[in-house]
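# requesting a structural model of the entry that follows:
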Amino acid sequence: MKQNADIYPISSDKPIILIGAGEHARVLIDVLRLLDREALYITDFNTDLHGKTIHGIQVAGGDELVLEHEPDKVLLINAVGSVQVPTARREVFERFTAKGYTFSQVVHPSAVIAPTARIEPGAQVMAGCVIQPNAAIGRNALINTNASVDHDCVIGPHTHVAPGVTLSGNVHVGHSTHIGTGATVIHAIRIGDEVVVGAGASVVRDLPDGVTAVGVPAKPLAQKPGAPPRIAPAPGRSDRECNIMLSAAGRRVALLRLLRRSLGDLGLAGQVIATDISRHSSAFHDADVARIVPNYSDPHCLDELLRICQEYRIKIIVPTIDPDLPFYAEHHARFEQVGTRVMVSAAETIAIGNDKIATHEWLVESGFPTVRQTSPKRALADADSWRYPLFVKPRRGSSSIGAVVVRNEDELVMATANREFIVQSLARGREYTCDVYIDRDGKCRCSVPRLRIETRGGEVNKGMTVRNQKLQDTACAVAEALPGGAGVMNIQIFYDEATDDLNVIEINPRFGGGYPLSHEAGAPMSQWMIEEAMGLPLTAVENEWTNGLVMLRYDDALFLPRSETGLSMPVGRTRRSPITR
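Purely as a prediction, here's the structure:
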């Protein structure tokens, strides 16, 4: 059997430069000597180390010394380690590979690596490691001392598998993740991007992007309000940094995680900052950073939001609820002045979407098919022209609050007693929500109809993507006709398969609660939004999403100490009362 030095040699006799003068550099120098190679010198940003030696190799200066060599004349070895998300290690690799330099693989002679395993460029496998058949180690990944990576595992680029880690078969780990010393991951687990798994943890369930998980079994920690971000932006890489504010974050954990995933898919450094008026919000505690902000009616609200945008270099604000939209549309220019783009349509479009009377009038004037609509007073006065049952809902509102079917005049009177309501004829057929993406030129680039199989609290609970060209064309036509529609919005349409008739009933110029279904089907509109905001090529495509993908939403929860939520403890007895007979 061949030795690893023969199978995974240092790829040429070019001079070798180590980047980073920390503890990992000492380990790499010893490995190089076992492979009969010697480093030319070491570089490090820390000027206090310049001129010193590590195992006889001089720390010659800063990383800029590398640039004195032509990219094809030297080999680089990444000596930056990590105890958290390996941002610095990733930044070094990406900075120099972008300039044409090559990072060499480093494989310790004592490591056991199956012939069918794949070790990507720049990856490092240290002493005593075992890499089993069909495992794949991504570029710039670090598999540290005595780690075991079993069959069919996939380790993403820039990930650090620390000493003594055991990964059972078919484990998939995303990019830029840190799995702490002695951790164990059971068979077929999926660990996301930029995750931190604590030392000694036992991972028995999948971990989503961006979390820190500790314990036995491993559980994600909530991010404390005011705590430093999990993912620090890479120094000197502001052009590749995109921090996103999720406004009125509420329960939108799925959207928050898709925003985080979209950043990773685009190779952008960044974090998702959640804002809310209360700590009693699941997304608030799942975010990288969370901030309490005043209500929109507070005169200090705008100044506080602008301050947060400047403090965290926010590139994008994503509003999530209808009351957000007029505020951000009114003040979008102020946010632009601090370098923040608000993903919001023009005020005219928001006024149409937020007012059911304005929606109906605009649809009729624009020639789009819709239901009949009137006020409760007129429906009662002109009873002969309205056939029950009818549909009643508030003029302004969302989440189906106050929306109800009425079967006679008495029910109509009772249902509309306390607020301003509108009355509609019942639409025939089945209800669809069409997620659409409008680019900066006002063109609809994609429409995904989602059949609303079951709803709860006005939000889809079970849904399915349905390719229907008439629905798609109608939704795009509505979106393009709106005065200043932009980004992600959703159009609600009833479609009758028997007659091929449809009726447009609502326009929501924001992300819908069921948007994750469209994203998972292959229409990542959050990614397209980021691409446009960052000036990247727009990858939006019209019809390359999966037809018939079903979403079954379920309840989940975060469990937090009372102190992190701001709740007070009810006052009462704390001692057991004596038993009386």
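
# alpha carbons only for contacts and neighbour counts from here, please
Noted.

# and the gap between Ala141 and Cys242?
According to Cα to Cα, to the nearest Å, Ala141 stands 24 Å off from Cys242.

# neighbour count for these two, which is higher?
For Ala141 versus Cys242, neighbours defined as other Cα atoms under 10 Å are more numerous around Ala141 (29 against 21).

# OK, contacts around the more buried one?
Gly122, Ala123, Gln124, Ile155, Gly156, Pro157, His158, Thr159, His160, Val161 (Cα atoms under 8 Å, 6 or more residues apart in numbering).

# quick one: which of these has the most company?
Result: Thr159 is most packed of the contacts of Ala141 (other Cα under 10 Å), 31 neighbours.

# surely it touches His172?
No - Thr159 lies out of contact with His172 (Cα atoms under 8 Å); the separation is 11.3 Å.

# where do the helices of the stretch 201-350 of the chain begin and end?
With DSSP state H, counting those that start in this stretch as the criterion, the stretch 201-350 of the chain has helices at 253-265, 282-286, 301-311, 324-337, 347-354.

# turn these into a markdown table, columns for mean pLDDT and mean neighbour count.
Supplementary listing: these in a markdown table, determined by pLDDT from 0 to 100; neighbours: other Cα atoms under 10 Å:
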| stretch | mean pLDDT | mean neighbour count |
| --- | --- | --- |
| helix 253-265 | 93 | 21 |
| helix 282-286 | 90 | 27 |
| helix 301-311 | 92 | 15 |
| helix 324-337 | 93 | 17 |
| helix 347-354 | 95 | 21 |
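
# now what about stretch 305-323, what contacts it?
So stretch 305-323 is contacted by 242-249, 293, 325, 328, 335, 338-344, 354, 397-398, 508, 510-511, 530, 533 (Cα under 8 Å, 6+ apart).

# tell me the buried residues within those residues.
Neighbour counting over those (16 or more other Cα atoms under 10 Å) leaves 242-249, 293, 325, 328, 335, 340-344, 354, 397-398, 508, 510-511, 530, 533 as the buried ones.

# for Phe335, give me its contacts.
Leu306, Cys309, Arg341, Val342.

# Gly20 too?
Ile42, Thr43, Asp44, Phe45, Asn78, Ala79, Val80.

# ok, now with 7 Å
Ile42, Thr43, Asp44, Asn78, Ala79, Val80 (Cα atoms under 7 Å, 6 or more residues apart in numbering).

# quick one: it from Val504, how far?
60 Å.

# so Glu520 belongs to a helix, correct?
Yes - checked against DSSP: H, G, I helix; E, B strand; the rest coil, Glu520 lies within a helix.

# just give the number of residues close to it.
15.

# doesn't Cys476 fall inside a helix?
Yes - under three-state DSSP, Cys476 sits within a helix.

# now it. Nearest residue, chain neighbours left out?
Leaving aside its chain neighbours, Cys476 sits nearest to Cys444 (5.5 Å; criterion: Cα to Cα, 6 or more residues apart in numbering).

# any idea how far the closest residue to Tyr101 other than its chain neighbours is from Asn134?
Of all residues not flanking Tyr101 in the chain, Pro71 sits nearest, at 4.6 Å (Cα to Cα, 6+ apart). Pro71 is 32 Å from Asn134, where distance means Cα to Cα.

# do the same with Arg118
For Arg118, the distance to Asn134 - Cα to Cα - is 7 Å.

# swap in Asn146?
19 Å.

# can you check Cys301 too?
Note on Cys301: its distance to Asn134, by Cα to Cα, is 55 Å.

# following the chain onward from the helix or strand bottoming out on mean pLDDT in the chain, which element is next?
Least confident helix or strand, the chain: helix 4-7 with a mean of 50, by mean pLDDT, DSSP states H and E. Remark: after helix 4-7, the chain's next helix or strand is strand 16-19, criterion DSSP states H and E.

# output that next one as CSV, restricted to C-alpha atoms.
What follows is strand 16-19, C-alpha atoms only, in CSV (Å, rounded to 0.1, in the frame of the first residue of the first chain):
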residue,chain,number,x,y,z
ILE,A,16,6.2,27.2,0.2
ILE,A,17,4.9,30.2,2.2
LEU,A,18,2.8,29.7,5.3
ILE,A,19,0.0,32.2,5.9
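
# name the helices or strands packed onto it?
strand 39-43, strand 75-78 (3 or more Cα pairs under 7 Å, 6 or more residues apart in numbering; DSSP states H and E).

# reformat those as CSV; add mean pLDDT, distance to Gly182 and mean neighbour count.
Formatted as CSV, the helices and strands packed on strand 16-19 follow (pLDDT from 0 to 100; distance: least, Cα to Cα, whole Å; neighbours: other Cα atoms under 10 Å):
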stretch, mean pLDDT, distance to Gly182, mean neighbour count
strand 39-43, 94, 30, 21
strand 75-78, 94, 23, 25
